[in-house]
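Participant: Okay, here's the prediction I keep looking at, along with the sequence it came from:
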Amino acid sequence: MRCYFAGALFNLAEKRFNRELTDAVRARHAGVEFILPQERAAQFLHRDDWSARMFDDCLAMIDASDAVVTILDGPDADSGTSLELGYAYARGLPIIGIRTDFRGSEDRGLNLMLANVCTTLLLESLDDLDALADQVTEALQALPEAH
């Protein structure tokens with residue numbers, strides 16, 4: 001199963017969390033391959049048209065995926081992540097939304113549009129990465145076979 005990982009990736013903490021979570025899920029579910037935009041970005045950053053190239057690559061990688069796993073933390077989910085979710089939803093991909101942030105707003109701490117595009121929402125404020133990886137693995141295994 002190929003999964004696109006959508007979420008903020010703009011600082012060391014976010015990039016480290018993304019990597020550690022995907023590594024932990026891979027250790028539990030050998031059949032999952034994650035596509036992390038933060039890893040793919042390096043091939044574009046030296047180009048003058050890097051943002052257009054990264055945008056096109058992100059959409060192509062969503063198209064090449066069987067599911068999307070997304071981080072929806074923060075007072076408002078990252079705007080780029082929100083666009084990726086809308087695109088994945090329009091393409092009919094299952095979306096596993098993760099919110100570990102205890103701050104609340106609107107619908108279950110999320111904008112109602114984001115909450116409702118998710119096939120599965122994991123909403124626990126966990127301090128344990130292993131427990132979160134277990135939940136993500138279970139959610140992935142519960143998805144129907146790849147498209």
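Facilitator: That came through fine.

Participant: if I've got this straight, A60 is in a helix?
Facilitator: Yes. When DSSP: H, G, I helix; E, B strand; the rest coil is applied, A60 is found to be in a helix.

Participant: and it, what pLDDT?
Facilitator: Turning to A60, the model gives it a pLDDT of 97.

Participant: quick one, longest helix in this protein?
Facilitator: helix 12-28 (DSSP state H).

Participant: send the alpha carbons of stretch 68-80 over as CSV?
Facilitator: What follows is stretch 68-80, C-alpha atoms only, in CSV (Å, rounded to 0.1, in the frame of the first residue of the first chain):
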residue,chain,number,x,y,z
VAL,A,68,-3.5,9.6,2.4
VAL,A,69,-2.3,9.9,6.0
THR,A,70,-2.4,13.4,7.3
ILE,A,71,-1.5,15.5,10.4
LEU,A,72,-4.2,18.0,11.3
ASP,A,73,-2.6,19.6,14.4
GLY,A,74,-2.4,23.3,15.2
PRO,A,75,-5.0,25.9,15.8
ASP,A,76,-5.9,25.5,12.1
ALA,A,77,-4.6,22.8,9.9
ASP,A,78,-1.8,23.7,7.5
SER,A,79,-3.3,25.3,4.3
GLY,A,80,-1.2,23.2,1.9
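
Participant: And the contacts of that stretch?
Facilitator: 3-8, 17-18, 25, 34, 62, 81, 84-85, 88, 93-101, 103, 105, 109-111, 114, 118, 136, 140 (CB atoms under 8 Å, 6 or more residues apart in numbering). All C-beta atoms are positioned from the backbone trio N, CA, C, and that covers glycine.

Participant: related to what we said a few turns ago, rounded mean pLDDT for the longest helix of the chain, please.
Facilitator: 96.

Participant: for this structure, what spans make up the helices?
Facilitator: Secondary structure of the chain (DSSP H): helices at 12-28, 37-40, 50-63, 79-90, 112-117, 129-142.

Participant: Now tabulate those in a markdown table and tack on distance to D73 and mean neighbour count.
Facilitator: Output for the helices of the chain, formatted as a markdown table (distance: least, CB to CB, whole Å; neighbours: other CB atoms under 10 Å):
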| stretch | distance to D73 | mean neighbour count |
| --- | --- | --- |
| helix 12-28 | 9 | 16 |
| helix 37-40 | 16 | 16 |
| helix 50-63 | 19 | 15 |
| helix 79-90 | 10 | 17 |
| helix 112-117 | 12 | 16 |
| helix 129-142 | 12 | 16 |
